[in-house]
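Trainee: Generate coordinates for the sequence data below:
(chains A and B, ligands or ions: 2)
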Amino acid sequence: MKPTPSSPDTRGTTLVNHWQSGVPVTTGPVLTPLLALLMALAAIGLILAGVRVVSPLAPFSSMNSVYAWGIWKTFNVMTLTALGSGPLALGMAAWVFNRQKLHVVMRTALVSGFLFYATGLIALGFDVGRPWNFYSAAMPWRWNTSSAMLEISICMPLYCAVFLSFEILPLFLERLYYTGNEKARAFLRHVSPLIRKIYPFAIIGAYVIPLMHQSSLGGLLLLAGDKIHPLWQSPVMPWLYLVAAALCGFAFTIFLLLIVCLRYARRLDGDVLAELANLLSGMCFLFLAIQAIDLIWRGQIHAAFAFDKMSLLFLLETSLILTPAVALRFRRVRQTPRALLNMSALACLGGMLYRFIPTSIAYAPMRSTSYFPSVPELVMAVGYISLGIVAFVFAINYFAVLPGEASTWDHAFRPFGWKHPTATQATAIEREA
Amino acid sequence: MLDTLIPFSKELETIDQRLQLSGISRRSFLVFCTSLMVAAPFGLALTDKASPEAVAAVLGKVVRPPIIWLHFQDCTGCTESLLQTSYPGFADLILNVISLEYHETLMAGSGLQARQALDEAIQKYAGKYILVVEGSIPTGAHGVYMKSGGRTAMEVLADVGGKAAAIIAIGSCASWGGIPSADPDPTGAVGVADLMPDHSIINIPGCPPNPYTMLGVVLQYAADGTFPETDEQRRPKFAFDRDIHEHCPRRAHFDAGNFVKVYGDAGHREGWCLYEMGCKGPDTHAGCSTRHFNEIPDVWPIGIGAPCIGCTEKAVAFKVPMFQVVQLHTIAAPPTSFAPITTTRGTISPLATGLVGLGVGVLATGGYVASRQFSKKQDDESAPGSRQDKGTGA
Ligand code: SF4
Ligand code: SF4
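Mentor: Ligands and ions are numbered 1, 2, ... in the order given. Next comes the predicted model:
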């Protein structure tokens, strides 16, 4: 099949196509029974969260004096922000390592990443025990600069509310351009060159800041010392947390693209997916290499094969990452949607397990009692996730998020006048024809 | 005759020479330097060194500063805090590091002898000595409330203070009136700076203040003739830049809402926060919470279970009732009642485990179904999601 010809970048007068382009979902009703169910779950979760603000933690969660980190922190934040690292991982590949093909799926990654972070932050907000002191976080002179938690508590909201928000701003501007009145359009025509100019500089933060807080999440666990099982507790934990974030970011973006294409009957672009799969496999190998070297260096490799509960868990986690790493080396696997879906799901699970286990299952304080989330706690956690999904569905229906509908997603994107070799070729072909 | 009564008052030696002369061990001098570093961790050039040895090296070459110490309306608590050190002989060391030329509590002489000693010291070190003032100066009824050697306190201060290189007002009384100036203030008590506003004056308020703050200021002056940076109330910043509450060891209890309600209650015995007992810590700038007294850890009011009374603040101590709860300016007030946060045992509800199991099951099934759909559609050439038309050769 002839690929969709790419046009030269002459559309400089409007906002469209200056950033990662996309096509909204136009088929079918937005409100399906499944979505209604998710909305109900989100509503119940938020109502419970509201009650939680005026009630003590006790009836709501099974958090206790030994396990002060409940499922909201360990799952909604620690684990799910790894899945939400798609913008970081893809953006790094696309902007820094110049894999321009990936720009076409950036928006999908951006919106999902933003929602993971936002719902994680909402979860954290309702987890705060003394909310009336919270406003101090906005006053730098009150910061305790020697606290490891400070980096995360400042960085995460900053990333989500400023940098990610700025990166997805074009979505809103575009929509405004198409639905707004003449005045709005004139205004946008006026400001869009400015935004285009500052865009690459303004989003630098979007790639620096998550590097910091994703590794700091691992850094925090260093402080837990020997409460965490030696298979996980390691000085390279900040690195592994960061690599696991990138791994999950790629894996989840592939997974999400496949699922939405299936759901909305869209065609898949094999090139883009294969590129992502390659990167994912590389990340998996990087992760495993760091982990293996670290285990050997710390002399803990025997613990991995002790075949007790922890070692089995570790082996499960490792095989969940190893399987896609190896499988995705094969072209056949990369090019079969079902296999790709399965492998990306496995990688997601593996990465999530790595991020989850040290904070919960492998976390055993001395004065031990147990922790298992209570029902309201679970409902709230599920509610936050449902909220994210609902928001995502609305986003892809009303904004140009998903990549194009043809089997070659629009590769014509050339950010800021960079030369795109395939684009020039394509126009040449077109002219000849 | 006088010379025998006030020993060692001939020529001023350096601190090293003096310590050798009086047989004080190097070790106790290093302990002294360490205490000085603890008292002034930042902001004092003298202690801005890597080790006590480095401080000792600088300090050893310093010529002992001559000091004249005057008492006005006071309780001598400030002097006591200087001399009641926990190591025997430490007060001795302090008195050898500085050259105390005149001190009414410590000197053996009295009456005429004392007056002569004062006059002699003033004459000998005119323009060079440091005057330390303890106690407030009564100004009511032309100063008749206090007389010494036939002169009113105001006259003594004008005379001795006028010829001093600098004045250190030690204690809250000398800084701005202290206890004697509390309502109804019959004597019209004021601080030194109120009477000689243009003089070089450093206030070291406190009731009593930490003696190392005073020693730090004096020795810094002796070493290079400078005074440390002060705030608008003339307090040296190195000791008065933070508030008590900021570094209070009971702060965690404040934030957790654990308050003492009555002296001796369970919370008091547990060492909870004294905010509701009228602790002025949140309003008081001083170093007590990190620099304790008598070289003994935890020897300071809050450490022994008494609320801070705000003695280093002009507007707080002796002006605001001792047990009145303080207004919080820089932080949010904690609510009067707190939800309990202490749960010592975790519980596992069977319903929750069931729900998690159910959720995992639903997700796994959903994943499987989605995956199946792909292969189905893959076989169906025209279906979306199909990759057949790409001719990948797979
Ligand atoms: S400031 Fe306090 S300790 Fe010092 S003399 Fe006055 S009342 Fe006594
Ligand atoms: S109110 Fe007083 S006792 Fe309580 S934390 Fe503050 S300074 Fe310490």
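
Trainee: Export stretch A:84-103 to PDB, keeping only CA atoms.
Mentor: What follows is stretch A:84-103 as a C-alpha-only set of coordinates in PDB (Å, rounded to 0.1, in the frame of the first residue of the first chain):
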ATOM      1  CA  GLY A  84       2.400   7.400  33.600                       C
ATOM      2  CA  SER A  85       6.100   7.900  32.700                       C
ATOM      3  CA  GLY A  86       5.200   7.500  29.000                       C
ATOM      4  CA  PRO A  87       5.700  11.200  28.300                       C
ATOM      5  CA  LEU A  88       9.100  11.000  29.900                       C
ATOM      6  CA  ALA A  89      10.200   7.900  28.000                       C
ATOM      7  CA  LEU A  90       8.700   8.700  24.700                       C
ATOM      8  CA  GLY A  91       9.700  12.400  24.900                       C
ATOM      9  CA  MET A  92      13.300  11.500  25.700                       C
ATOM     10  CA  ALA A  93      13.400   9.200  22.700                       C
ATOM     11  CA  ALA A  94      11.600  11.600  20.400                       C
ATOM     12  CA  TRP A  95      13.100  15.000  21.400                       C
ATOM     13  CA  VAL A  96      16.500  14.000  22.800                       C
ATOM     14  CA  PHE A  97      17.400  11.000  20.700                       C
ATOM     15  CA  ASN A  98      15.600  12.400  17.700                       C
ATOM     16  CA  ARG A  99      13.300   9.400  17.000                       C
ATOM     17  CA  GLN A 100      10.800  11.700  15.200                       C
ATOM     18  CA  LYS A 101       8.500   8.900  14.300                       C
ATOM     19  CA  LEU A 102       7.400   8.700  17.900                       C
ATOM     20  CA  HIS A 103       6.000  12.300  17.900                       C
END
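
Trainee: got a list of what the closest residue to chain A within the stretch 51-200 of chain B touches?
Mentor: Using C-beta to the nearest C-beta, B:Ser51 is the residue of the stretch 51-200 of chain B that sits closest to chain A, at 22.7 Å. C-beta here means a position set from N, CA and C on the backbone, and glycine is covered the same way. If you count contacts by C-beta atoms under 8 Å, 6 or more residues apart in numbering or on different chains, B:Ser51 has none.

Trainee: remind me which residues of the chain are low pLDDT?
Mentor: You didn't pick a chain, so chain A it is. A:1-21, A:367, A:410-433 (pLDDT under 70).

Trainee: please go with chain B instead
Mentor: B:1-11, B:88-89, B:330-344, B:377-394.

Trainee: Which parts of it are strands?
Mentor: Under the criterion DSSP state E, chain B contains strands at B:66-71, B:99-103, B:130-134, B:137-138, B:147-148, B:151-152, B:166-170, B:189-190, B:201-204.

Trainee: State the number of residues packed around the spatially closest residue to B:Ala114 that is not a sequence neighbour.
Mentor: Nearest residue to B:Ala114, sequence neighbours excluded (C-beta to C-beta, 6 or more residues apart in numbering or on different chains): B:Met107, at 6.4 Å. Using other C-beta atoms under 10 Å in any protein chain shown, B:Met107 is surrounded by 17 other residues.

Trainee: pretty sure B:Met107 is touching B:Arg115, no?
Mentor: No. Counting by C-beta atoms under 8 Å, B:Met107 does not reach B:Arg115; the two are 11.2 Å apart.

Trainee: How about the contacts made by B:Asp283?
Mentor: B:243, B:310, B:313, B:316, B:326-327, B:329.

Trainee: same check, this time on A:Asp226
Mentor: A:Asp226 neighbours (C-beta under 8 Å, 6+ apart): A:Gln233.

Trainee: again with A:Leu258
Mentor: A:Leu258 touches A:268, A:273, A:337, A:340-341, A:344, B:374, counting by C-beta under 8 Å, 6+ apart.

Trainee: What of B:Gly171?
Mentor: Counting by C-beta under 8 Å, 6+ apart, B:Gly171 has contacts B:74, B:77-78, B:134-135, B:178, B:204-209.

Trainee: Skip the chain neighbours and tell me the closest residue to it.
Mentor: B:Cys78 (4.2 Å).

Trainee: Mind checking which residue lies nearest the centre of chain B?
Mentor: B:Gly287 (1.6 Å; C-alpha atoms, centre = their mean).

Trainee: Surely that residue and B:Lys237 touch.
Mentor: No. If you go by C-beta under 8 Å, B:Gly287 and B:Lys237 don't touch, sitting 10.6 Å apart.

Trainee: All the helices of the stretch 101-250 of chain A, in order from the start?
Mentor: Secondary structure of the stretch 101-250 of chain A (DSSP state H, counting those that start in this stretch): helices at A:103-125, A:148-158, A:165-167, A:169-179, A:182-202, A:204-222, A:237-263.

Trainee: for the fourth one, packing partners?
Mentor: What that stands for is helix A:169-179. On a contact count with 3 or more C-beta pairs under 8 Å, 6 or more residues apart in numbering or on different chains; DSSP states H and E, helix A:169-179 meets helix A:182-202.

Trainee: cool, and the second one?
Mentor: Using 3+ C-beta pairs under 8 Å, 6+ apart as the contact definition, the elements that helix A:148-158 packs against are helix A:103-125, helix A:204-222.

Trainee: mind listing the helices for the stretch 201-350 of chain B?
Mentor: Going by DSSP H, counting those that start in this stretch, the stretch 201-350 of chain B shows helices at B:211-224, B:237-240, B:251-256, B:266-270, B:350-379.

Trainee: Adding distance to chain A and mean neighbour count, write the ones you listed out as CSV.
Mentor: What follows is these, written out as CSV (distance: least, C-beta to the nearest C-beta, whole Å; neighbours: other C-beta atoms under 10 Å in any protein chain shown):
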stretch, distance to chain A, mean neighbour count
helix B:211-224, 25, 22
helix B:237-240, 16, 23
helix B:251-256, 6, 16
helix B:266-270, 15, 13
helix B:350-379, 4, 13
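
Trainee: what's the strand or helix carrying A:Met39 in contact with?
Mentor: Per DSSP states H and E: A:Met39 is located in helix A:33-54. Helix A:33-54 has contacts (C-beta under 8 Å, 6+ apart) with A:60, A:122, A:126, A:131, A:376, A:379-384, A:386-387, A:389-390, A:393.

Trainee: just to revisit the earlier point, out of the helices of the stretch 201-350 of chain B, which is closest to A:Ile254?
Mentor: Nearest to A:Ile254 among the helices of the stretch 201-350 of chain B is helix B:350-379; the distance by C-beta to C-beta comes to 12.7 Å.

Trainee: Find the nearest non-adjacent residue to residue 176, please.
Mentor: Since you didn't name a chain, this refers to chain A. A:Ala184 (5.5 Å).

Trainee: try again with chain B
Mentor: In space, and not counting its chain neighbours, B:Trp176 is closest to B:Gly191: 4.1 Å by C-beta to C-beta, 6+ apart.
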